[in-house]
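K.L.:
With the input below, show me the fold.
(2 chains)
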Amino acid sequence: MIQSATVHLFTDYKTARGILVLKPLSSQIASLVEQAIRDAQSDGTLPTFEIPSVEINPPKRPEQGDYATAIALQLAKPAQMNPLDIAAHISKRLPEKDYIATIEVAPPGFINFRLNEDWLRQQVETIIAEGDDLFKLELGAGKRAQVEFVSANPTGPLHVGRSRGAIVGDSMARILEAAGYDVEREYYFNNAGQQMINLGNSLRIRYLEALGKPVNVPSEDDKSFYQGEYLIDFAKDLIAEKGDSLVDEDWQPFKEYAEQRMFEWIKRTLARVNIHHDVFFNEDSLYTSGAVWDVLKALDERGYIYKAKEWEGASEEEKAKAERRKPATYFRSSKLGDDKDRVVVKADDSPTYTLPDIAYHVNKIERGFDVLVNVLGADHGTEYKVVAYGVNALGYDASKIHVIIVQMVRLLRKGQVIKMSTRAGDYDTLDDLIDEINQTNESNLIDPGTDVVRYLLLARSPDSHLDFDLDLAVTQSNENPVYYIQNAHVRCVGIFRQAEENNLNDEGADLSLLGDDELRFLRKALELGEQIEFAATTFAPHKIAFYAHELANTFHPIYENVRVLHSDVSEDAAKARLRFYRAAQITFKRVLALMGMRAPDKM
RNA sequence: GCCCCUGUAGCUCAGUGGAUAGAGCAACUGUCUUCUAAACAGUGGGUCGGGAGUUCGAAUCUCUCCAGGGGCGCCA
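P.N.:
Model (predicted):
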């Protein structure tokens, strides 16, 4: 009964590379409805008007079917007709499809679709056939996307605040991959600025201090000194390597050493949470290539550049001060809608961050990506705005750039907020956080805290401020959604482990033996396509985290009811159920992978 | 003062202009000799911050007010 079952969802959709791709049911139904409206228009039943995009969603109540649309209600005004009549006209023109059992019109004008249950049962085979590529969509097939995220300068270890953007960015990349895009992950950094010189100087001080040389260790008030203890460790390692041979050197060799160590550390931390960048883009290359000055020249040619000593709104004192200075170079962004003009070249002829940032985004666009995603922290909120003005001013299309602004993370321990600041040294690193979760976890997983961190930092709208509750993160019970989801996968694997001992397999399973419980799960599992599509097109990776929880929430009650290895379950039923759990396992594995999490076999 | 984000159940949060606003946790009551109880079943819980508007229909869109967070540098 398993033969020929895998064709239904993806018959029409193959990419150039020959990979099978699925199309979400809601999109398929939406095209049917759209066509039906067009048909009704061309035979004169409906007047001519522009058809809005047809939204198909699973309704809240099961008696309203599996999918529903309110399109007839929306068309009431342009068509100047009763919505119920419109719905009737549309549903009459909908073609028969193997996956649809019934189409009903419900007042005040909804069209409700119910899936064919035989077809639904056969999707067990589709899911198994798709495996790790389950619901790889055609949406981005043949297109390239780039996600830029983390982009922290190597001045300190990755702290929790930055980690949110890291997790969100990588999850976004995974979702775009699932949507069919060819995805590049990029990390933009600068190792040439004042911050890095400060880092070199700070390490030099720690180095001299460790050697017992007379040196003043700056206080916490000194913003140019990095207080972090890690520099004391670096200094010791440096002495072990080079002895006291560097005592007469300036900041330079110290900067190089610190940078290299710091980057290793950041990359190691990122690798721990399953994040790997394809490209590390150094801001400095925009200077050596001349791109920065090209941008300035191009802006100037378009009349967006002027020189001035002061800015509007300066106090008398500031004006007096400015009189004695050389003029700075301004970008006339206010002409494009900005609140004020921005300095792009300082009086000392060095550019501010704005100019290379514009050059960088121009560079990204010129590399030919179809979609660019930029994950930024809330403290950089205005930055992208200025960059977009600059990119547009140069005649490029800034609308290709999608910015995800992630709001702040606060770390809570026993209800108390823990302050985080890289420079002051009282930072809380992502490594520390993971280690703390690991310490209280009794599972056999390696580094279990990484999955907890990935989920908890993802499962919130980026627009929402995030309180990371450490007390919740370390609980190993149903309070913790991470284990709730992973446990669903563990339970599936457990069945197969046991089935093997009992010499039971799922070959030749008769899927018609699957009942309502299994159907409920399959309906939810088939929503994954829509979830991926929605998360990818609205740049909202947190959707997948919520969906994962809903899927587990559908699964666990079924697991209680639908037993495989009970004595009162017939062998045929057991085979069919085993086949079903194989599909369930694949679905959970896929969803966890989309979030960069592991699908453990045991916990 | 200006800009951005947030305000939904006791707590933490979902919610795409549509049908009776959802989930988890917490609280209470039950369920393991059978594939992991890190689970399941059940109960209670709401002026969707306030007000006005647009709409056949608003938690969702507009305006306004209130509260919290972030940003307003010739730092990045």
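K.L.:
In contact with residue A:391, which residues?
P.N.:
Going by CB atoms under 8 Å, 6 or more residues apart in numbering, residue A:391 touches A:358, A:361, A:362, A:365, A:397, A:398, A:401. Any C-beta I mention is one placed from the backbone N, CA and C, and that applies to glycine too.
K.L.:
so of those residues, which ones are in helices?
P.N.:
A:358, A:361, A:362, A:365 (DSSP state H).
K.L.:
Could you count how many residues lie near the third one?
P.N.:
Residue A:362 is surrounded by 22 other residues when neighbours are defined as other CB atoms under 10 Å.
K.L.:
Go ahead and confirm it touches residue A:395.
P.N.:
No - using CB atoms under 8 Å, residue A:362 makes no contact with residue A:395, being 9.8 Å away.
K.L.:
Which residue ranges of chain A form strands?
P.N.:
Remark: strands assigned in chain A by DSSP state E are A:67-69, A:100-106, A:110-115, A:144-148, A:182-189, A:279-282, A:305-308, A:328-331, A:342-345, A:371-377, A:401-406, A:409-413, A:416-418, A:466-469.
K.L.:
Can I get the fifth one as PDB, trimmed to CA atoms?
P.N.:
Spelled out, it's strand A:182-189. What follows is strand A:182-189, C-alpha atoms only, in PDB (Å, rounded to 0.1, in the frame of the first residue of the first chain):
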ATOM      1  CA  ASP A 182      21.100  29.500  -2.100                       C
ATOM      2  CA  VAL A 183      22.200  31.200   1.100                       C
ATOM      3  CA  GLU A 184      25.500  32.800   2.200                       C
ATOM      4  CA  ARG A 185      26.200  33.700   5.800                       C
ATOM      5  CA  GLU A 186      28.400  36.800   6.200                       C
ATOM      6  CA  TYR A 187      30.200  38.400   9.100                       C
ATOM      7  CA  TYR A 188      31.300  42.000   8.700                       C
ATOM      8  CA  PHE A 189      34.100  43.200  10.900                       C
END
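K.L.:
ok, is that strand in contact with RNA strand B or not?
P.N.:
No - Strand A:182-189 lies out of reach of RNA strand B by CB under 7 Å from any atom of the strand, never closer than 8.8 Å.
K.L.:
Listing partners with orientation, what would you give for that strand?
P.N.:
strand A:144-148 (parallel), strand A:279-282 (parallel) (DSSP bridges).
K.L.:
can you give me the mean pLDDT across the first one?
P.N.:
Model confidence over strand A:144-148 averages 97 on the pLDDT scale.
K.L.:
Does RNA strand B have contacts with it?
P.N.:
No - shown here: strand A:144-148 not in contact with RNA strand B (CB under 7 Å from any atom of the strand), separated by at least 13.5 Å.
K.L.:
Now that strand: buried residues?
P.N.:
A:144, A:145, A:146, A:147, A:148 (16 or more other CB atoms under 10 Å).
K.L.:
Please name the residues that touch residue A:496.
P.N.:
Applying CB under 8 Å, 6+ apart, the residues near residue A:496 are A:578, A:581, A:582, A:585.
K.L.:
Residue A:199 now?
P.N.:
A:154, A:155, A:226, A:255, A:258, A:259, A:262.
K.L.:
at 10 Å instead, please
P.N.:
Residue A:199 sits next to A:153-156, A:191, A:193, A:224-226, A:228, A:231, A:234, A:251, A:254-255, A:257-259, A:262 when contact means CB atoms under 10 Å, 6 or more residues apart in numbering.
K.L.:
do the same with residue A:489
P.N.:
A:552, A:555, A:584-589, A:591-592, A:597-601, A:603.
K.L.:
pLDDT score for it?
P.N.:
On the pLDDT scale, residue A:489 gets 95.
K.L.:
Hmm, residue A:71 and residue A:33 touching each other?
P.N.:
Yes - in this structure residue A:33 lies within contact range of residue A:71 using CB atoms under 10 Å: 6.1 Å.
K.L.:
Residues that sit against both of these two, list them.
P.N.:
Overlap of the contact sets of residue A:33 and residue A:71 (by CB under 10 Å, 6+ apart) consists of A:51, A:54, A:55, A:56, A:90, A:111.
K.L.:
Look up how far residue A:24 lies from the residue lying closest to the fifth one once chain neighbours are set aside.
P.N.:
Going back to what we said before, that points to residue A:90. Leaving aside its sequence neighbours, residue A:90 sits nearest to residue A:36 (CB to CB, 6 or more residues apart in numbering; 4.8 Å). For residue A:36, the distance to residue A:24 equals 19 Å [CB to CB, to the nearest Å].
K.L.:
With residue A:513 instead?
P.N.:
27 Å.
K.L.:
Could you do residue A:565 as well?
P.N.:
Residue A:565 is 34 Å from residue A:24, by CB to CB.
K.L.:
So which of those two has more stuff around it?
P.N.:
Taking other CB under 10 Å, residue A:565 and residue A:24 do not tie; residue A:24 has more neighbours (22 against 14).
K.L.:
In terms of pLDDT, where does the nearest residue to the more buried one once chain neighbours are set aside sit?
P.N.:
With CB to CB, 6+ apart as the criterion, residue A:24 has its nearest non-adjacent residue at 3.4 Å, and that residue is residue A:529. Predicted confidence (pLDDT) at residue A:529: the value is 92.
K.L.:
surely residue A:529 meets residue A:123?
P.N.:
No - contact criterion CB under 10 Å: residue A:529 and residue A:123 do not qualify, at 11.2 Å.
K.L.:
Name the spans of the stretch 351-500 of chain A whose pLDDT lies under the cut-off.
P.N.:
The model of the stretch 351-500 of chain A has pLDDT under 70 over residues A:415, A:419-427, A:476-479.
K.L.:
Run through the residues of it sitting next to RNA strand B.
P.N.:
Neighbours of RNA strand B within the stretch 351-500 of chain A, by CB under 7 Å from any atom of the strand: A:352-353, A:378-383, A:405, A:407-408, A:441-443, A:459-461, A:463-467, A:469, A:476-481, A:483-484, A:487, A:490-491, A:494-495, A:497-499.
K.L.:
if we can go back for a sec, which of the contacts of residue A:199 are close to RNA strand B?
P.N.:
A:153, A:193.
K.L.:
Mind checking which of the contacts of residue A:199 land in helices?
P.N.:
Those of those lying in helices (DSSP H): A:231, A:234, A:251, A:254, A:255, A:257, A:258, A:259, A:262.
K.L.:
Most neighbours of all the residues you listed, which one?
P.N.:
Among these, residue A:258 has the most neighbours (other CB under 10 Å), with 28 neighbours.
K.L.:
Now do residue A:408 against residue A:381, distance only.
P.N.:
For residue A:408, the distance to residue A:381 - CB to CB - is 11 Å.
K.L.:
Common neighbours of these two, please.
P.N.:
With CB under 10 Å, 6+ apart, residue A:408 and residue A:381 have no common neighbours.
K.L.:
picking that back up, with distance to residue A:203 added, can I get the strands of chain A in a markdown table?
P.N.:
As requested, these are exported to a markdown table (distance: least, CB to CB, whole Å):
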| stretch | distance to residue A:203 |
| --- | --- |
| strand A:67-69 | 61 |
| strand A:100-106 | 67 |
| strand A:110-115 | 63 |
| strand A:144-148 | 28 |
| strand A:182-189 | 18 |
| strand A:279-282 | 20 |
| strand A:305-308 | 38 |
| strand A:328-331 | 32 |
| strand A:342-345 | 30 |
| strand A:371-377 | 26 |
| strand A:401-406 | 30 |
| strand A:409-413 | 27 |
| strand A:416-418 | 26 |
| strand A:466-469 | 30 |
